[in-house]
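A.B. asks: sequence unavailable; structure follows:
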């Protein structure tokens with residue numbers, strides 16, 4: 001499911017309570033205590049009803065659950081109360097509209113609690129029921145990463161560095177969820193609050209030491225991280241995206257900024273490479289460590305002699321290419337230095353690695369121990385699915401999740417080979433039912449930074465795919481004509497045909513970038529999920545042309 005749509009868009013609402021998410025042992029909470037927590041009276045003997053779980057989805061209710069019936073775009077969760085009760089729900093929480101539906105058409109044999117905005121209390125109740133981070137009890141140190149770009153890679157980097165430090169770790173994010181067992185595929189960047197608290201309780205039950213989590217602006221807007229307090233919150237950057245939800249960049253920023261308050265985090269690391277980061281560092285209501293990384297591409301906060309920008313607590317200096325990746329130094333304002341390497345290409349991955357390092361330091365780990373872990377384990381060469389993922393080297397063929405203007409520009413700059421005559425061929429599109437303003441901007445960026453631009457389909461959703469392509473093409477062709485760019489612009493669809501075309505056009509010394517979908521394995525068209533994995537299509541096309549592809553190792557996470 002996309003991050004655009006509130007998970008209540010169709011009832012039963014939410015995608016919570018996947019079987020592997022919950023702890024095995026939950027102490028029952030009396031319904032009276034649940035009512036008291038949200039200021040709702042529970043009459044008579046109903047107060048003694050014992051609750052052992054909470055769910056937003058009637059299909060994933062377990063015996064002992066409180067079922068939260070929320071309004072959806074077309075149906076109300078109250079329409080599914082009978083199914084929830086049949087599955088073992090012992091009580092229902094809903095709003096006035098849900099109560100009216102129950103009064104009209106249902107004979108409910110369990111207590112029903114009413115709240116003006118039930119979604120706004122789900123996080124609080126989930127924390128109460130699952131005791132996810134109780135005061136005075138051992139709980140995993142929690143690292144949350146927000147920003148427009150880089151959240152996924154930074155959480156993987158944090159996870160890898162913590163493991164190199166000998167910690168047992170968990171991960172909650174776009175690609176997968178790890179709680180000490182087998183990976184669980186993820187449906188949302190940040191799961192519903194019911195799942196988040198269940199997962200944190202499961203991690204505590206399994207004795208994990210730390211966990212890293214992606215925190216999207218949607219997660220804050222839709223209450224998915226309510227009642228979660230991060231030990232360290234990190235900020236990557238803020239660029240145009242999700243304006244279909246937030247309307248303006250200022251509103252987008254303010255939503256992100258809500259993570260950097262005492263109710264949600266104890267400490268922060270903020271990248272201050274742009275005005276948004278500097279504004280956040282100044283506005284945050286918690287202790288902030290600042291990080292300057294804008295010199296990762298050869299200019300920026302470091303002075304010509306490599307001295308650090310004194311406005312930041314930590315600054316990236318002396319970035320040197322090594323293989324596809326980079327060596328760099330993190331320098332503290334007091335002169336202390338850490339030597340860091342990332343095997344992933346691009347200055348933005350230097351920035352991601354720097355942020356992960358400083359967040360782990362802010363979490364209480366000593367610099368000497370961090371340096372030893374960096375030297376011994378090379379944690380920032382971990383493969384991140386669909387994030388600058390290399391499929392072949394001759395031609396260089398890369399799959400990346402870049403799906404907004406800033407990320408697309410960074411990806412294209414990162415894959416450009418210094419070899420004379422080497423061409424960059426890009427396959428990309430734009431997602432349907434999203435911020436339409438970024439489509440021509442992305443087309444123009446591709447025209448400026450690639451030699452061959454192949455516009456195809458991303459996930460059209462319910463929008464007309466041809467109209468989406470036309471918006472992207474318009475931007476590419478306008479830039480080509482107005483700026484006299486020497487690039488070729490093609491429209492090829494469906495997407496597998498576009499990938500095949502890119503490979504047909506590529507020589508061994510060229511670079512192919514397939515952007516926008518990254519790790520995704522389904523393409524949504526008019527409500528139908530079509531199997532489509534860019535990595536598989538690219539690998540197959542390369543093999544058919546006789547090129548050698550890299551082995552598809554299980555992604556380390």
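C.D. replies: Okay, I see it. Everything numeric in this text was worked out from a predicted model, so none of it was measured.

A.B. asks: and residue 448, that one's in a helix?
C.D. replies: Yes - with DSSP: H, G, I helix; E, B strand; the rest coil as the criterion, residue 448 is part of a helix.

A.B. asks: which one's the longest helix in the chain?
C.D. replies: Using DSSP state H to define each element, the chain has its longest helix at helix 465-483.

A.B. asks: immediately after that helix, which helix or strand?
C.D. replies: Remark: after helix 465-483, the chain's next helix or strand is strand 488-491, criterion DSSP states H and E.

A.B. asks: ok, then the element right after that next one?
C.D. replies: If you walk from strand 488-491 toward the C-terminus, the next helix or strand you reach (DSSP H and E) is helix 495-505.

A.B. asks: what's that next one packed up against?
C.D. replies: Of the remaining helices and strands, those touching helix 495-505 by 3 or more Cβ pairs under 8 Å, 6 or more residues apart in numbering; DSSP states H and E are strand 424-428, strand 452-455, strand 511-515, helix 534-544. All C-beta spots, glycine's among them, are computed from the backbone N, C-alpha and C.

A.B. asks: JSON lines for these, including mean pLDDT, mean neighbour count and distance to residue 414?
C.D. replies: Output for the helices and strands packed on helix 495-505, formatted as JSON lines (pLDDT from 0 to 100; neighbours: other Cβ atoms under 10 Å; distance: least, Cβ to Cβ, whole Å):
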{"stretch": "strand 424-428", "mean pLDDT": "98", "mean neighbour count": "27", "distance to residue 414": "10"}
{"stretch": "strand 452-455", "mean pLDDT": "98", "mean neighbour count": "26", "distance to residue 414": "17"}
{"stretch": "strand 511-515", "mean pLDDT": "97", "mean neighbour count": "26", "distance to residue 414": "9"}
{"stretch": "helix 534-544", "mean pLDDT": "97", "mean neighbour count": "20", "distance to residue 414": "17"}
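
A.B. asks: where do the strands sit along the stretch 1-150 of the chain?
C.D. replies: Taking DSSP state E, counting those that start in this stretch as the test, the strands found in the stretch 1-150 of the chain are 29-30, 50-51, 53-55, 65-69, 91-94, 112-114, 141-146.

A.B. asks: what comes up buried for the longest one?
C.D. replies: Neighbour-count burial for strand 141-146, with 16 or more other Cβ atoms under 10 Å as criterion, is recorded at 141, 142, 143, 144, 145, 146.

A.B. asks: OK, contacts around the fifth one?
C.D. replies: The contact partners of residue 145, by Cβ atoms under 8 Å, 6 or more residues apart in numbering, come to 151, 154-155, 158, 212-215, 233-236, 355, 359.

A.B. asks: same check on the last one?
C.D. replies: Applying Cβ under 8 Å, 6+ apart to residue 146 gives the contacts 214, 215, 216, 217, 233, 234, 235, 236, 256, 259.

A.B. asks: how many residues are close by the first one?
C.D. replies: The tally of other residues near residue 214 (other Cβ atoms under 10 Å) stands at 24.

A.B. asks: ok, then the element right after the worst-scoring helix or strand of the chain on mean pLDDT?
C.D. replies: The weakest-scoring helix or strand in the chain, judged by mean pLDDT, DSSP states H and E, is helix 243-246 (a mean of 54). If you walk from helix 243-246 toward the C-terminus, the next helix or strand you reach (DSSP H and E) is helix 249-257.

A.B. asks: and the angle for that following helix with strand 141-146?
C.D. replies: For the pair helix 249-257 and strand 141-146, the angle between their directions (axes from the mean of the first three to the mean of the last three Cα atoms, to 10 degrees) equals 170 degrees.

A.B. asks: contacting residues around whichever helix or strand comes after helix 249-257?
C.D. replies: The element immediately downstream of helix 249-257 (helix or strand, assigned by DSSP H and E) is strand 268-271. In this structure, residues lying in contact with strand 268-271 by Cβ under 8 Å, 6+ apart are 147, 232-237, 260, 277, 280-281, 284, 286-293, 351, 355, 358-359, 362.

A.B. asks: sheet-wise, list the partners of strand 268-271 with their directions.
C.D. replies: The sheet places strand 268-271 alongside strand 232-235 (parallel), strand 288-292 (parallel), with pairing taken from DSSP bridges.

A.B. asks: gap between that strand and the chain center?
C.D. replies: In terms of Cα atoms, centre = their mean, to the nearest Å, the centre of strand 268-271 is found 17 Å from the chain centre.

A.B. asks: now do stretch 214-234
C.D. replies: Its chain's C-alpha centre and that of stretch 214-234 lie 11 Å apart, by Cα atoms, centre = their mean.

A.B. asks: what about that stretch, how long is it end to end?
C.D. replies: Start-to-end span of stretch 214-234 (Cα to Cα, to the nearest Å) is 10 Å.

A.B. asks: stretch 47-54 now?
C.D. replies: For stretch 47-54, by Cα to Cα, the gap between its terminal residues amounts to 16 Å.

A.B. asks: list the buried residues for stretch 212-225?
C.D. replies: Judged by neighbour count (16+ other Cβ under 10 Å), stretch 212-225 contains these buried residues: 212-225.
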